[in-house]
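[1] Here is my input, please return the structure:
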Amino acid sequence: MNLSIRSIRRLFYNVGFFFSLLLFAYSSYAENLLPRSAVIVQKAQALQQEDELVEAIDLLRNYQSRAPYDRAFINRMLGVFYWQNEQPELAVDYLRQAVESGLLQDQQMQTTRRMLADLLLMQEEFQAALTIYLELVNTESEADSRQQLWLRISQSYFQLKQWTDVLSATDQYLNLDGAADRPLLVMRLGAQLELKRWQAALVSLDGLILLEPNETGWWRQSAGLQLLLEDQQQARATLALAYRNGVALTPDDLKTLAQLYLQTGVPEQAALLISEIPELQQDVDLLTMQAQLWQVAKEWQRAIDVWILATGIDNSLGWNLVRLYHQEQQFELALQALDNIAAEDQEQQERIELTRVQLLYRLKDYSQALHYARLANRKTESEQSRSWVELLQRKINNQSAS
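    Numbers count the residues shown, from 1 in each chain. Okay, the predicted model is just below:
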């Protein structure tokens with residue numbers, strides 16, 4: 001299963017994804033700042049609250065404090081402001097400086113590292129983000145935060161194509177009562193498919209079908225895996241259920257379902273299903289498929305009706321019609337169908353003439369049959385045409401003698 005970075009990001013990057021960035025309790029740590037630094041921080045915070053981010057950033061950047069803790073605190077603050085100002089690269093730079101200073105207090109450091117990891121993940125620096133997340137999850141005691149960290153870890157592993165680790169991390173998330181929602185199931189499914197764990201992938205697909213019952217792709221992938229596992233009955237049941245539930249199946253899906261009906265011994269249902277494809281009347285391949293299905297079901301007249309439609313599009317298919325008329329002893333109709341077949345070469349012309357001879361013979365029109373047999377023999381002088389001439393001549397002689 002191929003999922004682009006962009007598509008995975010869409011699953012996770014929303015307002016909530018960076019909620020931790022907004023929980024910036026300036027006042028709880030400002031008491032440790034020098035008085036001048038505290039005044040600058042308060043002014044910057046006021047500007048930020050008035051949506052004057054550029055001014056707030058300029059104020060902080062132009063302020064130079066000699067106190068190491070103050071610089072770390074302001075770098076952290078700049079990281080948040082740059083993120084809010086949609087400058088993620090600069091946000092990463094300043095948050096990294098704040099973390100690397102080692103001067104932030106415990107909870108400050110924890111939330112700052114989390115902000116940095118989230119931004120690194122957004123910037124597609126997956127290994128760097130993962131390293132931080134794995135350190136954080138080992139020190140985090142609060143269940144909800146651990147749950148969200150395992151979700152980020154799962155996403156990082158997914159982007160790094162570490163499929164076994166994706167499954168382990170998502171297991172950790174689920175063990176903390178995390179929701180088996182679409183993003184999580186899509187990641188698990190992708191990893192399971194890459195690892196060829198087909199049965200497990202079917203479980204994930206079942207979950208996705210429950211969440212998105214009208215999503216054709218989940219039904220199609222489920223049936224495809226069942227076919228891979230050589231479970232044709234279950235694949236048929238899956239697609240049939242999707243069809244009954246009104247899922248928007250494509251013509252190819254319907255053809256697959258029809259083939260499954262045929263392979264599992266229900267050709268009549270397969271032929272009826274083909275009738276549901278809107279393009280049927282204009283698609284000679286579909287008409288051919290349906291006619292053949294009716295033949296397998298021994299529904300000869302229905303097969304004839306469909307072959308008539310197919311022959312109207314491609315007269316070379318008329319031979320199927322001739323054969324069925326012959327089989328059903330409708331010899332006059334077989335002759336009419338034969339008249340509509342255009343010979344493309346001498347060999348096919350002989351075939352047409354000899355088939356006409358055979359049909360006339362079955363109608364006991366021996367004189368006409370002899371005429372066409374002689375015509376065929378003059379053109380090709382084949383063993384078959386000579387045999388017909390001799391047979392028909394004897395028939396006519398015997399009738400005259402009697």
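[2] From now on I want contacts and neighbour counts done on CA atoms only, so please keep to that.
    Will do.
[3] where's Gln399, which helix or strand?
    helix 383-401 (DSSP states H and E).
[4] Which secondary structure elements does that helix sit against?
    When contacts are defined as 3 or more C-alpha pairs under 8 Å, 6 or more residues apart in numbering; DSSP states H and E, helix 383-401 packs onto helix 366-380.
[5] Residues touching the helix it packs on, excluding its own?
    350, 353-354, 356-358, 360-361, 385-386, 388-389, 392-393, 395-396 (C-alpha atoms under 8 Å, 6 or more residues apart in numbering).
[6] between the residues you listed, which is closest to Leu287?
    Closest approach between the contacts of helix 366-380 and Leu287, by C-alpha to C-alpha: Arg356, at 25.9 Å.
[7] Distance-wise, check the closest one relative to Leu338.
    According to C-alpha to C-alpha, to the nearest Å, Arg356 stands 7 Å off from Leu338.
[8] what's the answer for Ala303, then?
    Between Ala303 and Leu338 the computed distance is 17 Å (C-alpha to C-alpha).
[9] which of these two has more neighbours?
    Ala303 (24 against 21; other C-alpha atoms under 10 Å).
[10] check which helix or strand covers the more buried one.
    Here Ala303 is assigned to helix 300-313, by DSSP H and E.
[11] Give the buried residues for that helix.
    Trp300, Arg302, Ala303, Ile304, Val306, Trp307, Ile308, Leu309, Ala310, Thr311 (16 or more other C-alpha atoms under 10 Å).
[12] Show residues contacting stretch 103-110.
    Stretch 103-110 is contacted from outside by Pro68, Tyr69, Ala72, Phe73, Ala98, Val99, Gly102, Leu136, using C-alpha under 8 Å, 6+ apart.
[13] send the alpha carbons of that stretch over as PDB?
    The C-alpha trace of stretch 103-110 is given here as PDB (Å, rounded to 0.1, in the frame of the first residue of the first chain):
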ATOM      1  CA  LEU A 103      18.600  25.300  31.300                       C
ATOM      2  CA  LEU A 104      14.900  25.000  31.100                       C
ATOM      3  CA  GLN A 105      13.100  23.600  34.100                       C
ATOM      4  CA  ASP A 106      11.700  20.100  34.000                       C
ATOM      5  CA  GLN A 107       8.200  20.700  32.800                       C
ATOM      6  CA  GLN A 108       9.400  23.500  30.600                       C
ATOM      7  CA  MET A 109      12.000  21.200  29.000                       C
ATOM      8  CA  GLN A 110       9.400  18.400  28.500                       C
END
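[14] pLDDT on that stretch, on average?
    When pLDDT is averaged along stretch 103-110, the result is 87.
[15] in it, what counts as buried?
    Residues Leu103, Leu104, Gln108, Met109, Gln110 are the ones in stretch 103-110 that count as buried (16+ other C-alpha under 10 Å).
[16] does the second one sit in a helix, a strand or a coil?
    Following DSSP: H, G, I helix; E, B strand; the rest coil, Leu104 is assigned to coil.
[17] Distance of it relative to Gln87?
    Counting by C-alpha to C-alpha - Leu104 and Gln87 are separated by 23 Å.
[18] same deal with the first one?
    From Leu103 over to Gln87 the distance is 25 Å, taken as C-alpha to C-alpha.
[19] most surrounded residue in the contacts of stretch 103-110?
    Of all the contacts of stretch 103-110, Ala98 has the most neighbours under the rule other C-alpha under 10 Å, reaching 29 neighbours.
[20] Please name the residues that touch that one.
    Taking C-alpha under 8 Å, 6+ apart as the test, what Ala98 contacts is Arg71, Ala72, Phe73, Asn75, Arg76, Leu104, Thr112.
[21] nearest residue to it other than its sequence neighbours?
    The spatial neighbour of Ala98 that comes closest, neighbours along the chain excluded (C-alpha to C-alpha, 6 or more residues apart in numbering), is Ala72 at 4.6 Å.
[22] quick one, what contacts that neighbour?
    Counting by C-alpha under 8 Å, 6+ apart, Ala72 has contacts Gln97, Ala98, Val99, Ser101, Leu103, Leu104.
[23] quick one: low-confidence ranges for the stretch 1-150 of the chain?
    Within the stretch 1-150 of the chain, the stretches with pLDDT under 70 are 1-30.
[24] can you give me the helices in it?
    5-12, 19-22, 26-30, 35-49, 53-62, 68-84, 88-101, 106-122, 126-139, 143-159 (DSSP state H, counting those that start in this stretch).
[25] orientation of the last one relative to helix 126-139 in degrees?
    When axes from the mean of the first three to the mean of the last three C-alpha atoms, to 10 degrees is applied, the directions of helix 143-159 and helix 126-139 differ by 150 degrees.
[26] what angle sits between helix 143-159 and helix 106-122?
    30 degrees.
[27] How far off centre is helix 143-159?
    Put simply, helix 143-159 sits 26 Å off its chain's centre (C-alpha atoms, centre = their mean, to the nearest Å).
[28] what distance separates the next helix-or-strand element following that helix from the centre of its chain?
    Note on helix 143-159: by DSSP H and E, the next helix or strand toward the C-terminus is helix 163-175. Chain-centre distance of helix 163-175: 23 Å, with C-alpha atoms, centre = their mean.
[29] and if you look at stretch 390-402?
    Relative to its chain's centre, stretch 390-402 lies at 68 Å (C-alpha atoms, centre = their mean).
[30] how many other residues sit next to Asp58?
    Neighbour count for Asp58, taken as other C-alpha under 10 Å: 12.
[31] re earlier: can I get the buried residues of stretch 103-110 in JSON lines with distance to Gly178?
    As requested, those are exported to JSON lines (distance: C-alpha to C-alpha, whole Å):
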{"residue": "Leu103", "distance to Gly178": "34"}
{"residue": "Leu104", "distance to Gly178": "31"}
{"residue": "Gln108", "distance to Gly178": "26"}
{"residue": "Met109", "distance to Gly178": "26"}
{"residue": "Gln110", "distance to Gly178": "22"}
